[in-house]
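*Asks:* I'd like to go over a predicted model; first the sequence, then the structure.
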Amino acid sequence: MRFSRQTISVEEAMSKLLAKLVTGRTEQVQIGEAYGRILASDLRATYDLPHFDRSPLDGFAVRAADTVGASVDHPITLTVLETVAAGQVPTRELKKGYATRIMTGAMMPADADAVIMFEQTHNPAEEADTVRIKREMKPGENVSRRGEEMAKGTIIAKTGERINAGTLASLATFGFSQVEVFCKPRVGLISTGSELLEIDQPLAPGKIRNSNTVMLTALIAEAGGIPVSFSRLPDDLAVAKAKISECLRGVDLVISSGGVSVGDFDVIAALVDEPEVELLFNRIAIRPGSPTTAMLMEGKPLIALSGNPGACFLGFELFARAAIRRISGEAHVVQQVIKARLGVDYTKPCPYPRYLRGKLLEKDGVLHAIPDFNEKAGNLGTLKDSECFMIIPAGGSGKKAGELVDVLTHATPTWRREG
Ligand SMILES: Nc1nc2c(c(=O)[nH]1)N[C@H]1C(S)=C(S)[C@@H](COP(=O)(O)OP(=O)(O)OC[C@H]3O[C@@H](n4cnc5c(N)ncnc54)[C@H](O)[C@@H]3O)O[C@H]1N2
Ligand code: MOO
Ligand SMILES: [Mg+2]
C-alpha cells in the first residue's frame with residue numbers, strides 16, 4: 001500500500017472525506033458568544049418588520065390629499081398638531097388640514113399617508129404652530145409600511161450558516177438573546193518525527209524545531225475547532241497506533257503532520273495497512289503535498305498532512321479546514337475558486353496541478369495573482385504573507401504572465417491596489 005498508491009484529484013479526495021464526516025452535537029449560547037458559530041436551527045422573523053408604519057425622515061406627516069397643488073411659489077399651510085419622536089406613540093389622529101411633526105423612525109399618526117422632509121417645508125420657530133408645504137405629496141410617499149422588509153415567519157438564516165455580524169443584528173432585532181449552534185469540534189493534533197525539537201530547545205545537528213504544531217493550532221482555531229495538542233508519535237507502529245487510538249477517543253477529528261511518505265520511519269503511512277483503518281486516500285494529484293492522507297480509524301477521521309511546512313499548510317487549507325467546518329455543522333465548506341491574471345511567467349513543468357502561494361493585487365481594474373516563488377514544500381518563510389493559492393495546471397508549459405488562472409483565496413484575503 002505504501003508504494004502502490006492510487007492517485008486521485010483534489011475534488012475526489014474532498015468528496016470522499018466530506019462523505020465520512022458527521023456533524024456534531026448542538027448547544028445554546030448567549031448572543032454575545034455566538035459570533036462565528038454555526039446555526040443549528042433555522043431562524044424565523046418573530047414579527048412583521050418593521051412592526052408599525054414609520055417615518056424614514058425627519059419632517060411632517062401629512063395627508064397627501066391636503067398637499068394637492070402645493071409648490072415653492074404656492075405653498076399650502078397646515079396646522080401643526082404635535083411632535084412625535086422615535087419611540088413615542090402619536091396621540092392625535094390627523095384630520096384634514098393638519099400635519100404632525102415627526103422624526104426618523106417614529107410611528108406614523110393614524111390617517112397620515114405621506115411624510116414631507118423638513119427641507120421641503122417652511123416652519124420657522126416663531127411660526128411653530130403652522131407649516132408651509134412646498135411640494136405635492138403622493139399617497140404612501142416616504143412611509144415605511146409595517147412588514148415591508150419582511151413578514152412574520154420569514155426565514156432569516158438557515159441551519160448550517162455561519163453567524164456573522166449581520167446575523168447578530170437580525171438575532172437582536174427578533175429578540176433572540178440565545179441561539180442554538182453546533183458544538184465546536186475538538187481537533188486533536190499530533191506531530192511525528194524524531195528530528196523535532198520544542199520551540200525553547202537549542203538547535204542541535206540534524207534537528208529542527210516543531211513549527212507545524214503551533215501553525216496548525218492557529219489554523220484549527222481559525223476554522224472554528226478547539227485544538228487539543230498531543231505529544232509526538234513514536235516511530236514504532238504498534239505504539240503509535242495505540243496512541244492515535246487513545247487520542248481519537250477524546251476528539252472529533254485528529255490532524256497529524258509528517259510521516260505520510262515512503263520513508264522508513266513514516267509511521268502514518270504504515271498505519272493504513274492496519275485492520276482498524278479504512279483508507280480514504282493517500283495520494284493526491286497536487287503539488288505540494290501529494291502524499292496527504294486521510295483515513296477512518298475505529299470509525300473516526302484522521303487527516304494526515306505532510307510534514308513539509310508548505311505542504312502541511314496547503315493540505316490544511318484544502319482538506320482540514322473544510323473538514324472542521326463540516327463537523328462544525330457548516331453547510332457550505334468548499335472554498336470558491338476565483339479567476340485572476342497571473343502576474344508573472346510561471347513555466348516550471350509539473351506532473352500534477354501546482355498550488356503556488358502568493359498575493360492578490362488589483363491593477364487597473366484587473367485582479368492579478370503574484371506567486372512568491374518560494375514553492376519548495378519545505379520552505380516556510382513566506383507562509384505569513386500568503387493570501388491565496390494560484391493553481392497552475394498539470395503539464396509541461398505552465399502559464400504565461402497575463403493568462404487567467406484559478407485562485408483559491410484564504411479565509412480573509414486582503415486585496416490591495418498597486419501603489
Ligand atoms: N522517495 C520518495 N520520497 C519522498 C516522496 C516520494 O514520493 N518518494 N515524497 C516527498 C514529498 S512530495 C513530501 S511532501 C514528503 C512528505 O513527507 P512526510 O509527510 O513523510 O513528512 P516527514 O518525512 O515526517 O517530514 C518531511 C519534512 O518535514 C519536516 N517536518 C516534519 N514535521 C515537522 C514539523 N512538525 N515542523 C516542521 N517541520 C517538520 C521534516 O523534518 C522533513 O524535513 O516526502 C517526500 N519524500
Ligand atoms: O508533495 Mo511534496 O510537498 O511536493 O514535497
Ligand atoms: Mg517522510
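*Replies:* Looks like it arrived, so ask away. Please read these numbers as outputs of a predicted model, since none were measured by experiment. Ligands and ions are numbered 1, 2, ... in the order given.

*Asks:* residues from the stretch 51-200 of the chain in reach of ligand 1?
*Replies:* Within the stretch 51-200 of the chain, the residues that sit near ligand 1 (Cβ under 6 Å from any ligand atom) are 191, 192, 193, 195, 196. The C-beta positions use only the backbone N, C-alpha and C, and glycine is treated the same way.

*Asks:* filter those to the buried ones?
*Replies:* Neighbour counting with 16 or more other Cβ atoms under 10 Å marks 191, 192, 193, 196 as buried within these.

*Asks:* hmm, whichever strand or helix holds the first one touching ligand 3?
*Replies:* Meaning residue 191. Per DSSP states H and E: residue 191 is located in strand 186-191. No - using Cβ under 5 Å from the ion, strand 186-191 never reaches ligand 3; the gap is at least 12.5 Å.

*Asks:* give the next helix or strand downstream of that strand.
*Replies:* Where DSSP H and E defines the elements, the next helix or strand beyond strand 186-191 is strand 196-197.

*Asks:* check the buried ones among the residues of the stretch 51-200 of the chain next to ligand 1 and tell me the two furthest apart.
*Replies:* Spatial extent of these (Cβ to Cβ) is set by the pair 192 and 196 at 8.2 Å.

*Asks:* which residues are in contact with each of the two?
*Replies:* Residues touching both residue 192 and residue 196 (Cβ atoms under 8 Å, 6 or more residues apart in numbering): residue 232.

*Asks:* and residue 34, how many neighbours does it have?
*Replies:* 21 (other Cβ atoms under 10 Å).

*Asks:* I'd like the distance between it and residue 244.
*Replies:* Distance, residue 34 to residue 244, by Cβ to Cβ, to the nearest Å: 34 Å.

*Asks:* over to residue 407?
*Replies:* Where residue 244 is concerned, residue 407 sits at a distance of 35 Å (Cβ to Cβ).

*Asks:* from the stretch 51-200 of the chain, which residue is nearest to ligand 2?
*Replies:* Going by Cβ to the nearest ligand atom, ligand 2 is nearest to residue 193 of the stretch 51-200 of the chain, at 14.5 Å.

*Asks:* and the helices in the stretch 1-150 of the chain?
*Replies:* 10-19 (DSSP state H, counting those that start in this stretch).

*Asks:* next one: the stretch 201-350 of the chain
*Replies:* Using DSSP H, counting those that start in this stretch, helices in the stretch 201-350 of the chain cover 212-223, 237-249, 267-271, 309-315, 321-327.

*Asks:* out of those, deepest packed?
*Replies:* Highest mean neighbour count of the helices of the stretch 201-350 of the chain: helix 309-315, a mean of 26 (counted as mean count of other Cβ atoms under 10 Å).
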